[in-house]
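*Asks:* sequence unknown, structure follows:
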């Protein structure tokens, strides 16, 4: 990595001037970095943020002052960096190249602070070329990228602690005992003062700030939803305060202990500045506990792809539903799912299957038939992606048969929640919109004693989508999913009416009663966001 930087005229020692905050972890490291960047920007510093993966555009990976680098400037820097490397016969991998480019941009743009998120692991990650970051953080740990990092939490913790540096303070959140022991041992070996973050509730709110920012009195308002985000915010606060201390702006002196003892110390909480409050309350981070209204649909997006993060996602999804008015059996819950990277689909689907979903949709991380290069995955063929989706569907169907879901128990029905496969996200959402329209009208017509069912215009829309997919030469089996979907859902309705459980959607209920949870993959979430943002109702 050092040699690659030299081709751009950068010495490794030059990176010290970036005043880096370096963050590793399995879950929440990106959100932590986003909180850190927002708080320091609200303190008036010029910030740079390097993160991965991107959701919609590659420009999201390199941010200046909270915004993605404008595409034109990104392209200019890209060609300049690529040209210098090629002149020396260097050809770098994707992430390696972007990391080199990010360092170059941050130096050229003269940022006051560079917030660097580790890609994978830590010890051998491209970002770990840094010699003297100002402070390091380790977010929550879990099992992910096990083929590269190890099969156990202690092995993964060893990799994540690889970013520790002698004499450089580091912070972590509460971890599993085995993982925490490894972090502590690594810190001792390296000579890195490691501290445990306090809970967010332990920090003292600044009463002088605007009530709109701190509407809960002494509680700290956090823009990103979910209890796990409060843990990330606490880690971010410790990182920010330590960075400010280094630059002579600390709130209450240092947040870390210089003790060489092998006893892990707890960092002291402190009173937040107004800039910290505003930074936490205004942090934007796409695809994490995000809600997007889309006509009659309300789409809930969270890129959870580990057991622990999915549990946190379901907790957030449930809490969001509790906040909705007029909850009842007429609300429809839909799962839109995919998982990639060799992750354990059965573990994730088992967690989801235990929840209440009226049906599940499986599709690859493809936004539409004309997907942009920003979201293309050249490492896997489309046919392989589709095959995996059918495998996920088969697994879901088997789980539904083996153990009754909450859905089946709630409706007292022997009909399992139907599942469908689509070739891309655009088709999935088109089908959902059409199904929602038909079901709403169908319930209203039955209430008036009419027949209900599909109308001529419905079949026209139905055929348009099917014909579009035929043109894409998708596997023939997928062309039946629309028909299968309506048949399966009609079977479910018939069973509910027979058991007296069917309740039509009322005419006066608000839009957004079909709740769609998109999860399992950050790339799936990114592709879904692209479709939603390009088809705003």
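*Replies:* Yep, it's here. This structure is a prediction, so every number in the text was calculated from the model and none was measured. Residues are numbered from 1 along each chain as shown.
*Asks:* For residue 177, the count of nearby residues, please.
*Replies:* Neighbourhood size, residue 177 [other CB atoms under 10 Å]: 9. The way it works is simple: take the backbone N, C-alpha and C, and place the C-beta from them, glycine included.
*Asks:* Kindly report the same for residue 523.
*Replies:* Quick note: residue 523 (other CB under 10 Å) scores 22 neighbours.
*Asks:* Residue 339 is in contact with that one, correct?
*Replies:* No. With contacts counted by CB atoms under 8 Å, residue 523 stays clear of residue 339, the gap being 10.1 Å.
*Asks:* quick one: residue 242 and residue 179, what's the gap?
*Replies:* Distance of residue 242 to residue 179, computed by CB to CB, to the nearest Å: 22 Å.
*Asks:* which residues in the stretch 101-250 of the chain form helices?
*Replies:* Here the stretch 101-250 of the chain has its helices, by DSSP state H, counting those that start in this stretch, at 146-149, 153-160, 177-190, 227-246.
*Asks:* tell me the phi and psi of residue 321?
*Replies:* Backbone torsions for residue 321, taken as degrees, to the nearest 10, come to phi -70, psi -30.
*Asks:* so how far is residue 331 from it?
*Replies:* For residue 321, the distance to residue 331 equals 8 Å [CB to CB].
*Asks:* Of these two, which one has the most company?
*Replies:* The neighbour comparison of residue 321 against residue 331 (other CB under 10 Å) goes to residue 331, with 19 against 16.
*Asks:* residues near the closest residue to the more buried one other than its chain neighbours, how many?
*Replies:* Distance criterion CB to CB, 6 or more residues apart in numbering; nearest residue to residue 331, sequence neighbours excluded, is residue 513 at 5.3 Å. When counting by other CB under 10 Å, one arrives at 21 neighbours for residue 513.
*Asks:* so residue 513 touches residue 332, yeah?
*Replies:* Yes. Applying CB under 8 Å, one finds residue 513 in contact with residue 332, separated by 6.8 Å.
*Asks:* what's the most buried one of the helices of the stretch 101-250 of the chain?
*Replies:* With neighbours taken as mean count of other CB atoms under 10 Å, the helices of the stretch 101-250 of the chain reach their highest mean count in helix 227-246, at a mean of 25.
*Asks:* how many other residues sit next to residue 388?
*Replies:* For residue 388, the number of neighbouring residues by other CB under 10 Å comes to 17.
*Asks:* Then residue 397?
*Replies:* By other CB under 10 Å, 16 other residues sit near residue 397.
*Asks:* Look up how far residue 74 lies from residue 192.
*Replies:* Remark: distance between residue 192 and residue 74 (CB to CB) = 34 Å.
*Asks:* if we can go back for a sec, overlap in contacts of residue 321 and residue 331?
*Replies:* Any residue near both residue 321 and residue 331 by CB atoms under 8 Å, 6 or more residues apart in numbering counts here, and that gives residue 515.
*Asks:* residues contacting the residue positioned nearest the centre of the chain?
*Replies:* Centre of the chain computed as the mean C-alpha position; nearest residue by CA atoms, centre = their mean is residue 303, 3.3 Å away. Shown in contact with residue 303 (CB under 8 Å, 6+ apart): 287-288, 519, 521-522, 524-526.
*Asks:* Can you pull the poorly scored residue ranges out of the stretch 151-300 of the chain?
*Replies:* Filtered on pLDDT under 70, the stretch 151-300 of the chain yields the residue ranges 206-219, 250, 252-263.
*Asks:* Poorly predicted segments of the stretch 301-450 of the chain, please.
*Replies:* Counting by pLDDT under 70, the ranges of the stretch 301-450 of the chain that qualify are 326-330, 369-379, 404-417, 439-450.
*Asks:* what ranges do the helices span in it?
*Replies:* Using DSSP H, counting those that start in this stretch, helices in the stretch 301-450 of the chain cover 307-322, 345-353, 382-402, 406-411, 425-447.
*Asks:* just those: most buried one?
*Replies:* helix 425-447 (a mean of 20).
*Asks:* before we move on, the earlier item: using CSV, please lay out the helices of the stretch 301-450 of the chain together with distance to residue 104.
*Replies:* Shown next, in CSV, are the helices of the stretch 301-450 of the chain (distance: least, CB to CB, whole Å):
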stretch, distance to residue 104
helix 307-322, 32
helix 345-353, 38
helix 382-402, 34
helix 406-411, 52
helix 425-447, 34
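*Asks:* wait, which of those helices is closest to residue 418?
*Replies:* helix 382-402 (9.1 Å; CB to CB).
*Asks:* what's the angle between the closest one and helix 345-353?
*Replies:* With axes from the mean of the first three to the mean of the last three CA atoms, to 10 degrees as the basis, helix 382-402 and helix 345-353 are set at 50 degrees to each other.
*Asks:* tell me what helix 382-402 is packed against?
*Replies:* Counting contacts by 3 or more CB pairs under 8 Å, 6 or more residues apart in numbering; DSSP states H and E, helix 382-402 packs against helix 345-353, strand 359-362, strand 419-421.
*Asks:* Identify the residues contacting residue 199.
*Replies:* Residue 199 neighbours (CB under 8 Å, 6+ apart): 230-231, 234.
*Asks:* how does this protein divide up, domain by domain?
*Replies:* The domain map for the chain lists 2-282, 290-534, with the assignment taken from automatic domain parsing.
*Asks:* Out of the helices and strands packed on helix 382-402, flag the one nearest residue 41.
*Replies:* helix 345-353 (34.8 Å).
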